[in-house]
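K.L.:
need a 3D model of the sequence below.
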Amino acid sequence: MILDNILKDFGLGIDQFHVEPINAGYINQTYKLTSTKSYILQRLNRNVFKKPETVAGNIRAAADYIKQHHPDYLFLSGIKTTSGKEMSYDAEGFPWRLFPYIANTITINKVETETEAYNAASGFARLTRMLEGVEASLFEPTIDRFHDLKLRYQQFEDALANAAADRKEAAADAIAACQRYIYLVNRYDQLIVSGDLKLRIMHNDTKINNILFDATTRKDVVVIDLDTLMPGYFIYDLGDMIRTFVSPVDEEEKDLSKIKVRQNIYDALVKGYLSEMNAILSDKEKSSIEFSGQMMTYIMALRMLADFLNGDIYYQTTYPKQNLIRARNQLRLLDLLTGAG
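P.N.:
I've put the predicted structure just below:
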């Protein structure tokens with residue numbers, strides 16, 4: 001009934017489609033609608049994105065700019081309702097968006113090859129390059145201070161100050177490791193204050209499954225999941241690719257000996273990123289490439305550890321100490337990225 005009511009706002013009927021849930025994401029509720037013309041229907045999680053109109057407004061501002069300046073570039077923006085609105089709201093106040101379905105594309109959840117790393121990095125970088133020149137004031141943060149390392153360290157300190165004794169004891173090693181890396185906070189603060197990093201419109205969530213690949217050629221086709229498209233710095237996008245691409249295992253891996261830095265993947269993704277951004281980045285920005293991966297890995301370690309100390313109130317967990325395991329995982333990767341491990 002909910003889906004039918006929502007689809008009517010877009011001039012469609014539920015009986016026109018085969019409806020299939022897509023369970024790849026953790027935040028939004030997504031469905032594939034299959035017919036002669038297929039769509040993706042998605043409910044935005046307003047508990048995470050508390051300003052859904054800002055999300056929609058940012059995507060529309062980017063779409064308008066790209067349509068005017070780069071009309072041949074494929075940018076996946078939402079389809080408006082019959083009344084010209086960006087979203088349709090259900091009875092519980094959750095917003096729904098409708099997107100065209102891009103045929104013959106796939107997502108992948110793990111980087112296996114240098115080609116995948118290169119193509120994904122160049123794809124995310126191309127989006128940034130296409131938006132070079134857009135008026136940044138048209139965009140607002142969809143999550144305030146999302147990748148602000150200074151804020152994340154303060155949140156970690158607050159969590160530590162208020163944590164239960166048993167949690168602090170269990171996490172003593174991870175706490176000490178996070179405190180040792182405080183110099184990264186100072187470097188981040190210096191970079192921001194100095195103005196060496198240019199504020200751009202960034203994707204801000206550059207995991208490999210946020211880009212569609214051609215199912216046949218495995219070439220990148222289009223960047224998806226634009227909910228965090230907002231002002232930021234290149235170190236956010238490149239850094240999160242380094243964090244999530246270079247290890248053969250993900251942040252859920254309990255066996256820390258399996259965490260590695262695959263140098264060939266690292267080199268391929270940096271090369272792919274610079275294939276689009278080399279002429280845009282300043283020399284001072286390029287000197288922060290190595291720091292970007294360290295900084296974003298550290299941020300996630302801090303966030304996961306803070307959540308464990310807070311009693312696991314943010315990230316979903318399925319077993320005790322899962323957030324602590326995740327934090328240790330990221331700290332091990334950070335050791336390798338900094339040369340400390």
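K.L.:
where do the strands sit along the chain?
P.N.:
18-22, 29-34, 39-43, 88-89, 95-100, 105-106, 200-202, 211-214, 220-223, 230-232 (DSSP state E).
K.L.:
next one: the lengthiest helix in the chain to chain centre, how far?
P.N.:
With DSSP state H setting the assignment, residue counts place helix 289-309 as the longest helix in the chain. In terms of Cα atoms, centre = their mean, to the nearest Å, the gap separating the centre of helix 289-309 from the centre of its chain is 14 Å.
K.L.:
ok, now stretch 188-195?
P.N.:
With Cα atoms, centre = their mean, you get 22 Å for stretch 188-195.
K.L.:
name the residues that touch that stretch?
P.N.:
Contact with stretch 188-195 is made by 149, 150, 197, 233, 235, 288, 291, 295, as judged by Cβ atoms under 8 Å, 6 or more residues apart in numbering. The way it works is simple: take the backbone N, C-alpha and C, and place the C-beta from them, glycine included.
K.L.:
which strands or helices does the longest helix of the chain pack on?
P.N.:
Here helix 289-309 touches helix 149-162, helix 165-170, helix 172-180, helix 182-194, helix 234-245, helix 322-338, going by 3 or more Cβ pairs under 8 Å, 6 or more residues apart in numbering; DSSP states H and E.
K.L.:
how about the fifth one: buried residues?
P.N.:
Neighbour counts over helix 234-245 (16 or more other Cβ atoms under 10 Å) mark 234, 235, 236, 237, 238, 239, 240, 241, 242, 243, 244, 245 as buried.
K.L.:
quick one: the residue lying closest to the fifth one once chain neighbours are set aside from residue 203, how far?
P.N.:
Put plainly, it is residue 238. Distances taken as Cβ to Cβ, 6 or more residues apart in numbering place residue 292 nearest to residue 238, at 4.7 Å, with adjacent residues excluded. As judged by Cβ to Cβ, to the nearest Å, residue 292 and residue 203 stand 14 Å apart.
K.L.:
so which of the contacts of stretch 188-195 wins on neighbours?
P.N.:
Within those, most neighbours by other Cβ atoms under 10 Å means residue 295, with 27 neighbours.
K.L.:
so what's that one up against?
P.N.:
Going by Cβ under 8 Å, 6+ apart, residue 295 touches 149, 184, 187, 188, 235, 239.
K.L.:
for the residue nearest the centre of the chain, which non-adjacent residue is closest in space?
P.N.:
Among the residues of the chain, the one closest to the centroid is residue 205, at 1.2 Å (Cα atoms, centre = their mean). Spatially, and ignoring its direct neighbours in sequence, residue 205 is nearest to residue 228 (4.8 Å; Cβ to Cβ, 6+ apart).
K.L.:
verify the contact between residue 308 and residue 167 for me.
P.N.:
Yes: Residue 308 is within contact range of residue 167, at 6.5 Å (criterion: Cβ atoms under 8 Å).
K.L.:
which of the two has more neighbours?
P.N.:
Using other Cβ under 10 Å as the criterion, residue 308 and residue 167 rank with residue 308 on top: 29 against 21.
K.L.:
contacting residues around the closest residue to that one other than its chain neighbours?
P.N.:
The shortest distance from residue 308 to any residue other than its chain neighbours is 3.8 Å, reached at residue 323 (Cβ to Cβ, 6+ apart). Applying Cβ under 8 Å, 6+ apart to residue 323 gives the contacts 304, 305, 307, 308, 312, 315, 317.
K.L.:
OK, contacts around the first one?
P.N.:
Neighbouring residues of residue 304 by Cβ under 8 Å, 6+ apart: 251, 315, 323, 324, 326, 327, 330.
K.L.:
of those, which is the most crowded?
P.N.:
Most surrounded of the contacts of residue 304: other Cβ under 10 Å gives residue 327, at 29 neighbours.
K.L.:
what's the burial count for residue 269?
P.N.:
Neighbours of residue 269 under the rule other Cβ under 10 Å: 30.
K.L.:
ok, it to residue 339 distance?
P.N.:
In this view, residue 269 and residue 339 are 19 Å apart by Cβ to Cβ.
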